[in-house]
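In: model this:
(2 chains)
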Number of protein chains: 2
Amino acid sequence: MDRFLVISSDGHAGPRPEVYRDYLDPQYREEFDVQHAARMDALDRAGGLLEMAEETARWATGKEHGLAGAWDSERRNEVLDADGVAAEILFVDGLTEQNSPPFGGDLGLVPMGANPELQWAGARAHNRWISEFVAQSPERRFGLAQVTPFWGVDEAVKEVRWARENGLRGIMMPHLWLGQDAYHHPKYEPLWAACEELEMVIHFHSGAAPAHEYFGAAIFAPQQSTEPPPEMPGALGIYVTEVAWWLTRPVVFMIWGGVYERHPRLKTAITEGTSIWVPELLELMDHRYTEHHGTAKLGTGYKKHLKMKPSEYFRRNVRVGSSVMSRREAELRGEIGLDTIMWGTDYPHPEGSWPKTREIMLETFRGLPEDEVAKIIGENAADFYGFDREPLEAIAERIGPERSAFRGVDS
Amino acid sequence: MDRFLVISSDGHAGPRPEVYRDYLDPQYREEFDVQHAARMDALDRAGGLLEMAEETARWATGKEHGLAGAWDSERRNEVLDADGVAAEILFVDGLTEQNSPPFGGDLGLVPMGANPELQWAGARAHNRWISEFVAQSPERRFGLAQVTPFWGVDEAVKEVRWARENGLRGIMMPHLWLGQDAYHHPKYEPLWAACEELEMVIHFHSGAAPAHEYFGAAIFAPQQSTEPPPEMPGALGIYVTEVAWWLTRPVVFMIWGGVYERHPRLKTAITEGTSIWVPELLELMDHRYTEHHGTAKLGTGYKKHLKMKPSEYFRRNVRVGSSVMSRREAELRGEIGLDTIMWGTDYPHPEGSWPKTREIMLETFRGLPEDEVAKIIGENAADFYGFDREPLEAIAERIGPERSAFRGVDS
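Out: Residues are numbered from 1 along each chain as shown, chains lettered A, B, ... in the order given. Below you'll find the predicted structure:
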């Protein structure tokens, strides 16, 4: 091939709020109207969050045609073609015209402040919609269902099976438990078993963090508050400092908890939290697994159930979706793991590479070994997710970035 | 001087439980008897924690003479002389014969599960005792009061003043807030102001972590539970992976919250969490402060109140107490910060260097530039804490490690 096969590990899709309403079971639509109005109203009083919404709106101005790819199937393929991207992993959206799934069924799936029944209703509205969206272009779309494990593990397993039967190939789970049981708890065993059996890839996606610590408790239930949140200086700076750490936490719990020891074929992706933390985290866990002096007082019982070092589970079972990765990350690809990194565009989000994906890819990868670039921008994802290569390569041959352009001397 | 001046940034002292009982206000002694019995009983049912207590007891066997330095003033100076240490920063103990201050007034000062009045009673019992212990050898002992800010900021400020008037020069504060307001909240302003005014150094010390997430909720209130905690595989592995991160969190909140901007002379030490995380944390915070693309949607309002980069506050206001640091940390001293690191022994804890401090120091530092070693093992602490150098240097001239021994070629 003269062109690269590009797969974005990080795409977002979701319809506008009024369409989500139609995908809700009818008994939840009245509550939707109440909460949607309250949410729009709360946004007006939300300080830092308002500035955030305004910045996003400013960025979106003039990009309406392309942004409609968040929900319009043909438009999306048109955008992807222009960007050089053959296929995508599809998460919920939430930034494009306030199109989060309702009732906290969104990218965070945060349990704090959520009503379990309603959160499931919102998640299912998305799962139905994304299932149809994937079916409109199945060879290019790897769709994820929203699944929360906190309101009954059986319920979560049921949704995993529904998703598999409806053309979805993975799930997105919350990475914050905030008062619920963490992921080393044995109660989640049936969920890990179902995902392994059905080859459903588990995803954690950046964004949620304990915002109640940064902004005050009202942040997770703005519609219940009539007061503006207190002025908390630096809250957003703390958020952007910590956000990737919260994202990586579930895998730390799952590795030490023996989840990958018991489920060697269970796959997990950690998306949009950079990949810069990988070497240090693996070194730290392995150090804690092998060294003795510093942890002598802990005995050795805590690691008996792990036959391999933590990093070995990570390398076997986990991949990292690094969206719009930096040149520094590309240069550290050896330490981060050449087979670990899966590049992503984060389309249609303002911090993503769209609509300049081709240029940004060149800046990031020009001059690096061609086979290594190929792995990072597409082949790792193709292997990990088990994409059907033939139709994708036909698409890539037509729209993929030309390999020759990357052969600069700019290393 | 032919010998190094050594100051340990990390020492622990505290009397046995029955002595703490005497230092409690009388009205709390009956409750002490009840809770102390329940605590000893709960330990027998505590799974991984029991193994931990047994390992510590095994290590302690045969070391009783030296361990008595945890509460015996003369014994402590004898131990320090043998170890080559001239002076110490003194935190509470808790490992040596179960000698934690009562009622959660311990090294964690964790608010979760604590009774505010009792926690203060336990903390004050320690503060009275440590004040007397410091007075028995004031030139060698920099004592810290236990201060929790969660049960009223005025109460905390009062205790800071009491501590200053009673010969203590700093405070130890909890690094977990667990449902209480975090340290960027404006309500803590009078506490930061008091510490700056009175030159009381704020300390955070490793140990506490959200153990309720690792082991189940009963862990912070074992005396209220009659059941053994659930079997949570890997809980201790998760704990040792995360523990340093939790320790560093308060300073992230304080830097972004503008605490050091408003209080340029406020000093903070972060102790026994290694120093290996310093370069990456500072780079991450500075990146978040200066870059634009990834945080464009946040606007710029979140950093307007900071005149300097986060790393500049850190370098000016913060020091890191790195106990029994590794050779790798010593080799990375340039990136970590030659003025940032303050070496410590962690005496009398099993993961510390006692009774082999002289040998371990040699292994860690041999062959490195002498003036840099001198800073790390003593002079940084002497400057930061404002020790009276003359009496310390007289002690060091008698018992300090000989500089010549460090001039090996083993770099």
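
In: near chain B, which residues of the stretch 51-200 of chain A?
Out: Counting by C-beta under 8 Å from any C-beta of the partner chain, the stretch 51-200 of chain A comes close to chain B at A:51-52, A:54-56, A:59, A:95, A:177, A:182, A:184-186. (Each C-beta comes from the backbone N, C-alpha and C, glycine too.)

In: pretty sure A:L284 sits against B:E242.
Out: No: taking contacts as C-beta atoms under 8 Å, A:L284 lies outside contact range of B:E242: 9.4 Å.

In: out of the residues of the stretch 51-200 of chain A next to chain B, which end up buried?
Out: Listed as buried from these are A:51-52, A:55-56, A:59, A:95, A:177, A:182, A:184-185; burial here means 16 or more other C-beta atoms under 10 Å in any protein chain shown.

In: circling back to that earlier point, with secondary structure added, can I get the residues of the stretch 51-200 of chain A next to chain B in a markdown table?
Out: Shown next, in a markdown table, are these (DSSP: H, G, I helix; E, B strand; the rest coil):
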| residue | secondary structure |
| --- | --- |
| A:E51 | helix |
| A:M52 | helix |
| A:E54 | helix |
| A:E55 | helix |
| A:T56 | helix |
| A:W59 | helix |
| A:L95 | coil |
| A:W177 | coil |
| A:A182 | coil |
| A:H184 | coil |
| A:H185 | coil |
| A:P186 | helix |
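
In: greatest separation within those: which pair is it?
Out: The most widely separated members of those are A:E54 and A:P186, with 45.9 Å between them, by C-beta to C-beta.

In: the residue in the stretch 301-411 of chain A that chain B sits nearest to: neighbouring residues, count only.
Out: Here the residue of the stretch 301-411 of chain A nearest chain B is A:Y302; by C-beta to the nearest C-beta that distance is 3.4 Å. Applying other C-beta atoms under 10 Å in any protein chain shown, we find 23 residues neighbouring A:Y302.

In: just the element for the closest residue to it other than its chain neighbours, please.
Out: Leaving aside its chain neighbours, A:Y302 sits nearest to B:L236 (3.4 Å; criterion: C-beta to C-beta, 6 or more residues apart in numbering or on different chains). Here B:L236, judged by DSSP states H and E, is contained in helix B:235-256.

In: tilt between that helix and helix A:235-256?
Out: Helix B:235-256 runs at 170 degrees relative to helix A:235-256, counting by axes from the mean of the first three to the mean of the last three C-alpha atoms, to 10 degrees.

In: tell me which other helices or strands helix B:235-256 touches.
Out: With contacts defined as 3 or more C-beta pairs under 8 Å, 6 or more residues apart in numbering or on different chains; DSSP states H and E, helix B:235-256 has these neighbours: helix A:235-256, helix A:278-290, strand B:201-205, helix B:211-215, strand B:268-271, helix B:278-290, helix B:310-317.

In: could I have the longest one exported to CSV, CA atoms only?
Out: As requested, the backbone C-alpha atoms of helix A:235-256 are provided in CSV (Å, rounded to 0.1, in the frame of the first residue of the first chain):
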residue,chain,number,x,y,z
ALA,A,235,-10.2,24.2,40.4
LEU,A,236,-9.7,23.7,36.6
GLY,A,237,-6.0,23.7,37.0
ILE,A,238,-6.3,20.9,39.5
TYR,A,239,-8.7,19.1,37.2
VAL,A,240,-6.3,19.1,34.2
THR,A,241,-3.4,18.0,36.4
GLU,A,242,-5.3,15.0,37.9
VAL,A,243,-7.6,13.9,35.1
ALA,A,244,-5.4,11.3,33.5
TRP,A,245,-4.6,9.7,36.8
TRP,A,246,-8.2,9.0,37.6
LEU,A,247,-8.5,7.5,34.2
THR,A,248,-5.7,5.0,34.7
ARG,A,249,-7.0,3.9,38.1
PRO,A,250,-9.4,1.1,37.1
VAL,A,251,-6.6,-0.9,35.4
VAL,A,252,-4.4,-0.6,38.5
PHE,A,253,-7.2,-2.1,40.5
MET,A,254,-8.0,-4.8,37.9
ILE,A,255,-4.3,-5.8,37.5
TRP,A,256,-3.7,-6.1,41.3
